[in-house]
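Engineer: have a look at this fold, sequence not included:
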């Protein structure tokens with residue numbers, strides 16, 4: 001049994017959807033897939049992608065990203081929390097899994113999240129360009145800190161079987177220092193909307209061996225304070241320099 005991961009497949013783009021459709025229907029029958037969010041803002045496309053992957057892997061583990069919670073003119077959801085419940089129902093109906101799984105050697109722990117400006121305060125430019133600020137709709141009582149706390153609280157209860165290897169995963173970043181040093185100052189304006197330190201607290205609680213994250217579109221593997229952090233985003237079609245455009249095997253038994 002192997003564990004593969006990919007995130008940010010954005011099947012709204014034909015090239016990305018074609019890649020999903022082209023994955024082998026035989027090679028991964030005994031393997032697990034971690035799909036770390038940002039499949040599509042379209043429930044129809046999300047459902048199609050999950051069905052395709054569930055048909056190829058033994059188990060698909062999935063958490064939604066920010067794109068899945070966009071509420072557009074064509075969406076009947078009143079808020080992004082309503083949209084989240086629809087995403088959760090589709091996940092279950094397709095046979096994918098959004099809850100923790102344990103066998104006698106391995107645990108896989110999905111973690112919901114959002115961003116709460118743990119990594120910095122958004123400036124005027126980010127407020128203008130960040131699509132979530134226009135396409136996500138939250139109850140009036142909820143700012144970004146409340147949104148992040150709401151989702152992170154749903155990750156409880158968390159525990160670690162004594163002898164297991166633990167792989168946790170989230171769409172959002174659990175700490176900003178997983179970002180490489182070479183990121184330009186221009187692109188660092190995005191840091192406030194990349195994640196939350198609340199996730200790191202939970203990762204430390206269960207003492208993950210590996211944590212997979214998405215969202216940044218910057219492929220990376222780095223070990224910090226004893227935990228290996230991995231991003232294997234597929235990314236947008238144009239992102240050929242920072243994304244490897246492949247499944248990544250992160251565990252093999």
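Structural biologist: Cool, got the structure. None of these values were measured; they are calculated from a predicted model.
Engineer: can you pull the contacts of residue 216?
Structural biologist: Taking Cβ atoms under 8 Å, 6 or more residues apart in numbering, we find residue 216 in contact with 173, 178, 179, 194, 231, 233. (C-beta placed from N, C-alpha, C; glycine too.)
Engineer: got a list of contacts for stretch 242-253?
Structural biologist: Counting by Cβ under 8 Å, 6+ apart, 1-6, 8, 19, 23, 33-34, 105-106, 165, 167, 210, 212, 217-219, 230, 232-235 sit against stretch 242-253.
Engineer: whoops, stretch 42-56 was the one
Structural biologist: For stretch 42-56, contacts defined as Cβ under 8 Å, 6+ apart pick out 9, 11-12, 17, 20-21, 23-25, 28-29, 33, 35, 39-40, 60, 62, 68, 75, 86-87, 90-91, 93-96.
Engineer: just the buried subset of these, written out for ChimeraX, thanks.
Structural biologist: A single ChimeraX command is used to select the members of the contacts of stretch 42-56 judged buried by 16 or more other Cβ atoms under 10 Å:
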select :9,11,17,20,23,28,33,35,39,40,60,62,68,75,86,87,90,91,94,96
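Engineer: quick one: the strands in the protein?
Structural biologist: Under the criterion DSSP state E, strands of the chain are mapped to 2-6, 32-35, 59-62, 101-102, 106-111, 165-170, 210-213, 220-224, 227-231, 248-252.
Engineer: which of these is buried the deepest?
Structural biologist: strand 210-213 (a mean of 27; mean count of other Cβ atoms under 10 Å).
Engineer: quick one: strands adjacent to that strand?
Structural biologist: Here strand 210-213 is paired, per DSSP bridges, with strand 165-170 (parallel), strand 227-231 (parallel).
Engineer: export those strands to CSV and tack on mean pLDDT?
Structural biologist: Shown next, in CSV, are the strands paired with strand 210-213 (pLDDT from 0 to 100):
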stretch, mean pLDDT
strand 165-170, 98
strand 227-231, 98
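Engineer: how many residues are close by residue 126?
Structural biologist: Other residues near residue 126 number 16, with proximity taken as other Cβ atoms under 10 Å.
Engineer: quick one: the nearest residue to it once chain neighbours are set aside from residue 239, how far?
Structural biologist: Excluding its sequence neighbours, the residue lying closest to residue 126 (Cβ to Cβ, 6 or more residues apart in numbering) is residue 189, at 5.1 Å. Here residue 189 is placed at a distance of 18 Å from residue 239 (Cβ to Cβ, to the nearest Å).
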